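> sequence-free structure coming up:
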């Protein structure tokens with residue numbers, strides 16, 4: 001089980017290089033999703049603590065930005081090493097607090113490590129990009145550009161991928177020279193606090209990284225703080241719109257990584273086993289609690305019988321249970337509210353007489369938040385199961401006759417985050433990938449994500465990009481310098 005020190009946090013706030021407790025305790029009870037029982041309690045930040053954290057980040061900014069990228073990169077390497085040393089304990093923490101099977105939990109921690117390693121390298125390279133020359137059409141002038149850090153950044157992260165979503169924000173922001181105030185999810189607050197442990201351990205300059213636990217009210221206070229230069233948010237569209245509205249009052253930049261209702265398009269020439277592997281990985285990984293879940297299966301008529309027969313058989317054999325039980329392939333939903341939401345979706349689908357090929361029920365097992373992997377066939381395009389993000393292990397299916405129809409179905413959504421294409425025809429894959437509205441497209445693959453690749457979507461799936469060099473430069477501004485030749489500079 002997870003180390004007690006990771007779950008027992010009487011001082012749950014890390015502000016200006018010091019651990020402290022909230023001045024006015026607002027205890028948050030964190031549940032074990034595999035049992036529904038309390039796991040631990042933790043104190044949440046109030047207005048005073050949010051204000052103090054932003055003040056610390058603001059005060060630390062001048063010193064942090066003045067360091068070279070190479071110096072900042074060395075600190076990021078320290079975070080990567082600190083995570084690596086804690087890997088076994090963090091894996092078990094993810095299993096306990098999120099309900100993730102061991103393999104998924106380990107992937108999360110390794111992804112966070114890889115992200116810090118990647119941005120440590122990019123931080124060093126940032127030095128080489130400064131003062132890049134820009135050709136100008138008048139020989140009497142020369143131009144050059146610099147990439148300047150934006151300033152103190154507010155970050156709000158979700159509960160479905162602790163460590164990962166925060167690494168995607170914290171690592172590039174620190175690499176760019178920004179300081180950070182990070183607000184964790186009240187449902188999974190423990191994992192990100194390890195970043196504070198590591199910051200203290202490696203001697204990170206005080207105020208550079210501040211971490212707050214707390215409810216949505218703390219997040220709203222953070223997003224409204226006028227001392228911040230940007231807010232980076234990952235979560236639901238409903239909360240994202242509030243963050244954007246708050247930022248709009250002072251015309252402050254935002255990054256929003258929001259929801260999805262993503263398609264997986266399977267053509268008749270796709271190998272059945274490969275198609276089913278991609279389908280299952282896209283909707284049942286992390287119990288479907290992914291903004292990138294490919295929850296709409298768009299399948300060519302000629303492939304439907306063979307693929308769906310195999311898919312249903314695999315779903316019925318999928319081992320659902322506690323991550324601490326041998327052989328578990330899908331754990332519980334992570335939070336009680338999410339469990340109630342998904343169960344309500346299943347009940348509504350039954351009332352609507354959707355054709356359920358498998359699942360469609362909660363799995364009453366030890367008091368945990370378990371549901372069966374669920375597949376609905378021939379779902380009407382107006383039905384909420386087809387149109388709305390469910391954030392659970394629920395797959396909706398429709399068939400198509402030709403490529404044009406497949407693309408139209410894939411793009412019939414308010415979202416545009418990701419897509420998957422499964423086909424044996426490389427030219428078709430290229431054509432369809434180019435036509436689908438999505439920020440990331442996999443071809444014949446499960447959802448592998450590398451730090452070097454861009455992450456973000458079109459339409460209602462958000463604003464901006466994370467990961468890759470785009471993630472680094474989302475925390476910088478471009479400064480252009482024009483010099484007149486032959487005069488004092």
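Alright, I've got the coordinates. Note that the coordinates shown come from a computational prediction; the quantities given were computed from them, not determined experimentally.
> is it true that residue 253 touches residue 150?
Yes - counting by C-beta atoms under 8 Å, residue 150 is a contact partner of residue 253 at 7.1 Å. C-beta: built from backbone N, CA, C; applies to glycine.
> Give me the common contacts of those two.
Residues touching both residue 253 and residue 150 (C-beta atoms under 8 Å, 6 or more residues apart in numbering): 229-230.
> When those two are compared, which one has more neighbours?
Between residue 253 and residue 150, residue 150 has the larger neighbour count (other C-beta atoms under 10 Å), namely 20 against 17.
> check contacts around the nearest residue to that one once chain neighbours are set aside.
Among residues not flanking residue 150 along the chain, residue 229 sits closest, at 4.3 Å (C-beta to C-beta, 6 or more residues apart in numbering). Residues counted as contacts of residue 229 (C-beta under 8 Å, 6+ apart) are 150-153, 178, 252-253.
> host element of residue 350?
helix 336-351 (DSSP states H and E).
> Restricted to strands, list the contacts of residue 229.
Those of the contacts of residue 229 mapping onto strands are residue 153, per DSSP state E.
> out of the contacts of residue 229, which are inside helices?
Among the contacts of residue 229, no member falls in helices (criterion: DSSP state H).
> now for the contacts of residue 229, which pair is the farthest apart?
Pairwise distances among these were taken by C-beta to C-beta; the largest, 13.6 Å, belongs to 178 and 252.
> buried set for stretch 435-445?
Across stretch 435-445, burial judged by 16 or more other C-beta atoms under 10 Å covers 435-444.
> whoops, I mixed them up, stretch 234-245
234-235, 237, 239-240, 242-244.
> Identify the farthest-apart pair in those.
234 and 242 (13.9 Å).
> sorry, back to before: quick one: which of the buried residues of stretch 435-445 is nearest residue 372?
residue 442 (25.7 Å).
> ok now do that closest one, which residues does it touch?
278, 418-421, 448.
> Filter those down to just the buried residues.
278, 418-421.
> In a markdown table: these, plus pLDDT and secondary structure.
What follows is the buried ones among the contacts of residue 442, written out as a markdown table (pLDDT from 0 to 100; DSSP: H, G, I helix; E, B strand; the rest coil):
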| residue | pLDDT | secondary structure |
| --- | --- | --- |
| 278 | 98 | helix |
| 418 | 98 | strand |
| 419 | 98 | strand |
| 420 | 98 | strand |
| 421 | 98 | strand |
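> farthest-separated two in these?
It's 278 and 418 that sit farthest apart of the buried ones among the contacts of residue 442, by C-beta to C-beta, at 12.1 Å.
> intersection of neighbour lists for these two?
Joint contacts of residue 278 and residue 418 (C-beta under 8 Å, 6+ apart) are 294, 442.
> The closest residue to residue 367 other than its chain neighbours: neighbour count?
Computed as C-beta to C-beta, 6+ apart, the closest residue to residue 367 that is not its neighbour in sequence is residue 36, at 4.0 Å. Neighbour count of residue 36, defined by other C-beta under 10 Å: 15.
> Likewise for the one 3 residues further on?
For residue 39, the neighbour count with other C-beta under 10 Å is 17.
> Find me whatever residue is spatially closest to it, sequence neighbours aside.
residue 32 (4.4 Å).
> and what of residue 118?
Nearest one to residue 118, counting by C-beta to C-beta, 6+ apart, is residue 451 at 3.8 Å.
> quick revisit: quick one, what contacts the residue nearest to residue 39?
38-39, 96-97, 368.
> Just among those, which is most surrounded?
With neighbours defined as other C-beta under 10 Å, the most crowded of the contacts of residue 32 is residue 97; it has 26 neighbours.
> wait, what's in contact with it?
Counting by C-beta under 8 Å, 6+ apart, residue 97 makes contact with 2, 30, 32-33, 39, 162, 188, 190-191, 334.
> part of a helix, is it?
Yes - under DSSP: H, G, I helix; E, B strand; the rest coil, residue 97 falls within a helix.
> shaky segments in this structure?
1-4, 487-489 (pLDDT under 70).
> in it, which residue is closest to the centre?
Central residue of the chain (C-alpha atoms, centre = their mean): residue 165, 4.1 Å from the mean position.
> from what I can see that one touches residue 157, true?
Yes - look at residue 165 against residue 157 with C-beta under 8 Å: they come within range, at 4.7 Å.
> list residues touching both of those two?
residue 234.
> And residue 108, how far from residue 329?
Plainly put, residue 108 is 16 Å away from residue 329 if you go by C-beta to C-beta, to the nearest Å.
> Kindly report the same for residue 264.
19 Å.
> I'd like to know how many residues surround residue 351.
With other C-beta under 10 Å as criterion, residue 351 counts 8.
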